[in-house]
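Chemist: Below is the sequence, then the predicted model.
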Amino acid sequence: MHRFFLFTSIPFLLVILFAWLTESLRQQPIELIPTLSGKSEYCLTCHSDLPEISASHPMEVFGCVLCHGGERLALDADLAHASMRGGKNPSDLAVVEQSCGGSDCHSGSSQAERDHIQRVMTSIQATYTGAITNILFTFGEQSDLLPRFGALTVQDTSLPSKTGIRSLEAFNPSQHINPIIQQFAQNCLTCHISAKAREGADFHRQTGCAACHSPASQSPYNTSLDDKPKHTLSNAIPYNQCNTCHNRGNYDLRLMEFVERADQPATRLENYYQPIAQFTLCEYTLDCIDCHTAVEVMGDGDIHATQKDIQYVQCRTCHGTLAELPLTKTLLDADDRAFRLALLNPMMDLAIGDTILITENGEPLWNTRVLPGGSYELYGKATGQRLVFRPVMGSGCKQNEWEQDSQSCHTCHALER
Amino acid sequence: MQSIPRRDFLRISNQIILSLAGLLGMGALVRFLGYQSQHTITKEFDLGSANDYPSGSRTVLADIPALLNHDTQGFAAFSLICPHLGCTVESISEGFECPCHGSQFDRTGTVSRGPATMNLRPLRVVENDAGHLILYTE
């Protein structure tokens, strides 16, 4: 009888020892209770090595689950990741409203300037409607150039609309039998930010907000892009992130194919633009975002027909004309939008009383300042590089006042490639 | 050396093994029952003696985080958590600034720059019978 009990209790002890040992060896969860949710999450158990995504999104305030979704208490990787939004990219346009929305975050009112998502969803970057409309018109699939289709269905619910375009239907290539339209759909729809980028390191970018704000390389001088997604959100976007879509080649409209540029750029000038034109010093010294504003890139909430309808910054925005100095604004209110933008990308110390340049639409060029001698300074948003420049007025420029597009200025100021 | 009868050896071994298993099992049970998945959030803080905060003092209580102000009207406190999204504001010469999105507040906690639209939240502070200041965050 005693022998029976002993042989029964030994396996019993072994089972308990095994369970105890297994439990002791298991990685102890690292708990985080973000201020915003007040709920425990164990994501840091495996992801404690990830850098904080940005100063505006501190981990102890946002945690991980608020943006990424997922099962906050799961310690098994598959279970924890099963309900994540957008995979590794919660800013994908399909899920951005759930991930980044909210009235205090990026889906609030335009008055509070928190309508980023609405603006981006209706922007040319997302709709790609200019290209779609032009192709449909050129190949006889529609009789005019009125925008009807976009890469995704969008509605402009805000009033008033400056463009009068209230909605776009999602472009559905299967509704067109013309093979050239099929070719277009197959080869040419990778440039909008809800689409996956083309294959290849030069094209690497994510979708949604991360297409621009998670630059693959922080260095504007680094021409090789790392194709691993970065856990970063930045307003210091170097030109080579823009170049993952722009200046990478041309569309051959006869074959409806994208032809990658074949040159081997060795300098920034060569890398910045395709070898098809000539450009001025500032165009290839600065980064795209040093001249082009947030509204031009992210939209203004209205649906625009083409890129040209929203892009309005010209050389004269900063340099003025022979007859007029560029528009300026003296910052007197601590609540001025310029200060908020400067805080998110602190390349220069902006102070009350500073006079900065503004665009004709009133957008603050917060990285500029009027200097006492009548010249201006600009700090590169991605580089921090300080550049001093002069207005056209008072110079030897002979430019006609009505010819202010960049091509006109290139006549004298461009460097031949 | 006196030999133990086989029967006794088996009995003692069995008792030892069962005791060990029982202890381990009890330990596991205690650990299981004592597990807390959510930490309790402290809402009441003993700030120590009121005498430690002389009139005219402004004390940043970083662990809460809050600011305790002692002026001629008595003790008052407000939270240093930004009402916009919950980051902890930092002291600047004009008052406080949120490092996350740049909201600013004057020395009284009144919002002076967005995106925050509300003031820093006032907190209740009372002096108990023992002369200690008790701060309530809710």
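Modeler: Great, that's in hand.
Chemist: got any ranges where chain B has weak pLDDT?
Modeler: B:1, B:36-40 (pLDDT under 70).
Chemist: residues from it in reach of chain A?
Modeler: Proximity of chain B to chain A, by C-beta under 8 Å from any C-beta of the partner chain, involves residues B:7, B:10-11, B:13-14, B:17-18, B:20-21, B:24-25, B:27-28, B:37-39, B:41, B:81, B:84-87, B:99-102, B:104, B:112-115, B:117. The C-beta positions use only the backbone N, C-alpha and C, and glycine is treated the same way.
Chemist: Just these: which are in strands?
Modeler: Using DSSP state E, the members of the residues of chain B next to chain A that fall within strands are B:104, B:112, B:113.
Chemist: Let's have these in JSON lines, adding distance to residue A:204.
Modeler: Shown next, in JSON lines, are those (distance: C-beta to C-beta, whole Å):
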{"residue": "B:104", "distance to residue A:204": "38"}
{"residue": "B:112", "distance to residue A:204": "42"}
{"residue": "B:113", "distance to residue A:204": "38"}
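Chemist: For the nearest residue to residue A:100 once chain neighbours are set aside, give me its contacts.
Modeler: Ranked by C-beta to C-beta, 6 or more residues apart in numbering or on different chains and with sequence neighbours excluded, the top spatial neighbour of residue A:100 is residue A:106, at 4.6 Å. Each residue near residue A:106 by C-beta atoms under 8 Å, 6 or more residues apart in numbering or on different chains is listed here: A:96, A:100, A:114, A:115, A:116, A:117, A:209.
Chemist: Where is pLDDT lowest across the residues you listed?
Modeler: Scanning these for pLDDT, the smallest score is found at residue A:114, 85.
Chemist: what's the closest non-adjacent residue to it?
Modeler: Per C-beta to C-beta, 6+ apart, closest to residue A:114 is residue A:108, 3.0 Å.
Chemist: And what about the one you found, helix, strand or coil?
Modeler: coil (DSSP: H, G, I helix; E, B strand; the rest coil).
Chemist: swap in the one 4 residues further on?
Modeler: Secondary structure of residue A:112, reduced to three states by three-state DSSP: coil.
Chemist: looking at it, it is touching residue B:114, isn't it?
Modeler: Yes - using C-beta atoms under 8 Å, residue A:112 is in contact with residue B:114, at 7.2 Å.
Chemist: between those two, which one's more packed in?
Modeler: Shown here are residue A:112 and residue B:114; by other C-beta atoms under 10 Å in any protein chain shown, residue B:114 has more neighbours (19 against 12).
Chemist: Run through the residues that contact that one.
Modeler: Residues counted as contacts of residue B:114 (C-beta under 8 Å, 6+ apart) are A:112, A:335, A:340, B:84, B:103.
Chemist: now, among the residues you listed, which is nearest to residue A:356?
Modeler: Distance to residue A:356, by C-beta to C-beta, is smallest for residue A:340 among the contacts of residue B:114, at 13.3 Å.
Chemist: Next, name the residue at the spatial heart of chain B.
Modeler: Taking C-alpha atoms, centre = their mean, the centroid of chain B lies closest to residue B:42, which sits 4.6 Å from it.
Chemist: I'd like the distance between that residue and residue B:121.
Modeler: 16 Å (C-beta to C-beta, to the nearest Å).
Chemist: cool, residue A:177 as well?
Modeler: Residue A:177 is 63 Å from residue B:121, by C-beta to C-beta.
Chemist: who are the neighbours in contact with residue A:92?
Modeler: Counting by C-beta under 8 Å, 6+ apart, residue A:92 has contacts A:85, A:86, A:194, A:206, A:207, A:208, A:210.
Chemist: ok, back up a step: of the contacts of residue A:106, closest to chain B?
Modeler: Closest approach between the contacts of residue A:106 and chain B, by C-beta to the nearest C-beta: residue A:114, at 6.9 Å.
Chemist: Could you measure from the closest one over to residue A:163?
Modeler: In terms of C-beta to C-beta, residue A:114 sits 22 Å off from residue A:163.
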